[in-house]
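**Student:** Predicted coordinates and the sequence they were generated for:
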Amino acid sequence: MNIKILALTGTRRKGGNSDILTDKALEGAEGAIVEKIYLKDLHIKPCKGCLRCNLLGYCSIKDDDFNYFRDKFLESNSIIISAPVYYHYIPGELKVLMDRFRSTFHVAMTPEKLIYTSRYDIETKKFLFILTLGHPKEHDAIPAIEALNIFASMTCKNPVIIKPVIATFLAMPGQIKACKEKLRHMFTKINISPDLVDEKYEEYQEFLKDAYNGGKMVSRES
Ligand SMILES: Cc1cc2nc3c(=O)[nH]c(=O)nc-3n(C[C@H](O)[C@H](O)[C@H](O)COP(=O)(O)O)c2cc1C
């Protein structure tokens, strides 16, 4: 079976660091059928909060690209989502898209808990999340990772969530794949000590490797 991978790039900067890592992951996904979509190219309206989807079984907003994206999502075996961390979280437009997935499941309210039932019988999918951030440590990305994990577990019965790629200390587009000389130039421009170039270059190479391996993992059948 040919594994279908849908890669959603949630960055506003084509050629930005999360975009580069997405391409690296897709490079690792050799043999799979891959499709990459830039969220910024989609027209997705925000959920109105009407909750009519709970009764109707579909979203009442029809004049945008949500159904197009949802169908791509449903027919894929693996999902890659990449995004920059904004205020420790995912970018707003990615949250807007995730909210719209509320229409893909029914929620029953009981005194004890909410019971979620997907309208689509999705047993399993693999998910790879790729986040880039300016902070030198991963912890700034925790709320973003949590949001993405929740999304995976609400859209799929038994999601397989691959260890996320969290790439730190990034600001300029192309920084993650810059050679040392270019990196020195970039660091000087944004007032980072050029003494850090060697160390950061090695770290960036590791992130690229992690993305490649992550792509490999989501392209496997088991
Ligand atoms: C609006 C905004 C908010 C940001 N918030 C954070 C943050 O909370 N923590 C952090 O480490 N970096 C933050 N950053 C930095 C970006 O996450 C970082 O530069 C990222 O690598 C950009 O990804 P891109 O190259 O794919 O656009 C923020 C950047 C912007 C524009």
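**Tutor:** That came through, no problem. Numbers count the residues shown, from 1 in each chain.

**Student:** Only C-alpha atoms from now on, for both contacts and neighbour counts.
**Tutor:** Fine.

**Student:** so who does the residue most central in space within the chain touch?
**Tutor:** By C-alpha atoms, centre = their mean, the mean C-alpha position of the chain lies nearest to Ile81, the distance being 1.9 Å. Applying C-alpha atoms under 8 Å, 6 or more residues apart in numbering, we find Ile81 in contact with 7-10, 127-130.

**Student:** elements contacting the worst-scoring helix or strand of the chain on mean pLDDT?
**Tutor:** Ranked by mean pLDDT, DSSP states H and E, the weakest helix or strand in the chain is strand 114-118, scoring a mean of 91. Helices and strands touching strand 114-118, by 3 or more C-alpha pairs under 8 Å, 6 or more residues apart in numbering; DSSP states H and E, are strand 105-109, helix 142-155.

**Student:** That one versus helix 142-155: what angle between them?
**Tutor:** 60 degrees (axes from the mean of the first three to the mean of the last three C-alpha atoms, to 10 degrees).

**Student:** Following element in sequence after strand 114-118, please.
**Tutor:** For strand 114-118, the succeeding helix or strand toward the C-terminus, using DSSP states H and E, is strand 126-132.

**Student:** The ligand contacts on the chain?
**Tutor:** 11, 13, 16-19, 84-88, 132-135, 140, 170-171, 173 (C-alpha under 6 Å from any ligand atom).

**Student:** how about a cut-off of 5 Å?
**Tutor:** 13, 16-18, 84-88, 132-135, 170-171, 173 (C-alpha under 5 Å from any ligand atom).

**Student:** Scan the residues you listed and report the most crowded one.
**Tutor:** Using other C-alpha atoms under 10 Å as the neighbour test, the residues of the chain next to the ligand are led by Ser18, with 31 neighbours.

**Student:** I'd say that residue and Ala83 touch.
**Tutor:** Yes: assessed by C-alpha atoms under 8 Å, Ser18 is found in contact with Ala83 at 5.7 Å.

**Student:** shared neighbours of the two, anything?
**Tutor:** Shared contacts of Ser18 and Ala83 (C-alpha under 8 Å, 6+ apart): 9, 11, 130-132.

**Student:** all helices for the protein, in order.
**Tutor:** For the chain, the helices defined by DSSP state H cover 17-28, 53-56, 66-74, 92-100, 142-155, 180-189, 197-218.

**Student:** could you say what helices and strands the longest one packs with?
**Tutor:** Here helix 197-218 touches helix 17-28, strand 126-132, strand 165-167, helix 180-189, going by 3+ C-alpha pairs under 8 Å, 6+ apart.

**Student:** what do you get for the fifth one?
**Tutor:** Packing contacts for helix 142-155, counted by 3+ C-alpha pairs under 8 Å, 6+ apart, involve strand 114-118, strand 126-132.
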